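[1] Next input, structure requested:
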Amino acid sequence: NTALVAEKGKLRSWVGPNGQYYRELPCPNCRGRGYTPCKKCGIDRSSLDCPMCNGKGIRMCMQCGGECVIWQESIDEQPWEEVRSSSPLKVKEDDEVDRLEIKIDTSKRPRRTYPSPSREVAMKISRSLRDCLLST
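    Residues are numbered from 1 along each chain as shown. I've put the predicted structure just below:
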């Protein structure tokens, strides 16, 4: 049973059939670009008759196959089901959680107050607003 785990903007991870954990990493060979400079002619000196890149100066990355990422078995991360986190709250039973009293500071922060703008700035703002209203 395989499953891809992904969140928007994050790299994907994958749990293999035997429980091994893989994650998607930027390809170290092409630095996540999907291509590498041509070894024969290079990007800045590309030649139209180059048989390796056909004059483009770049070649598809052979390590990631142009996908920009590679799958690597992860040692430092575990699937979320197996992760154990330490908590400052030591609770033995679920009933104890229901009886916990958590105090939250609900006092409001003071609002910032700014000095009134100078007369010249106030006039410019007033004119800009008036012009904006007239143009709509």
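[2] Can you tell me the SS state at residue 112?
    Three-state assignment for residue 112 (DSSP: H, G, I helix; E, B strand; the rest coil): coil.
[3] quick one, what contacts it?
    Contacts for residue 112 (CB atoms under 8 Å, 6 or more residues apart in numbering) come out as none. Yep, even glycine has a C-beta here, placed from its N, CA and C like the rest.
[4] Can we start the residue count at 759 from this point?
    With the count now opening at 759, the last piece we talked about shows up as residue 870.
[5] Quick check: phi and psi at it.
    phi -70, psi 140 (degrees, to the nearest 10).
[6] Let's see the pLDDT reported for it.
    pLDDT recorded at residue 870 is 73.
[7] Give me the contact list for the helix or strand containing residue 878.
    Take DSSP states H and E as the rule and residue 878 turns out to sit in helix 877-893. Helix 877-893 has contacts (CB under 8 Å, 6+ apart) with 874, 875.
[8] Surely residue 819 touches residue 796?
    No - look at residue 819 against residue 796 with CB atoms under 8 Å: they stay out of range, at 11.9 Å.
[9] residue ranges with poor pLDDT in the chain?
    Under the criterion pLDDT under 70, the flagged ranges of the chain are 759-769, 772, 801-802, 804, 831-853, 855.
[10] Sketch out the strands for it, chain order is fine.
    761-763, 771-773, 779-784, 793-795, 816-818, 827-831 (DSSP state E).
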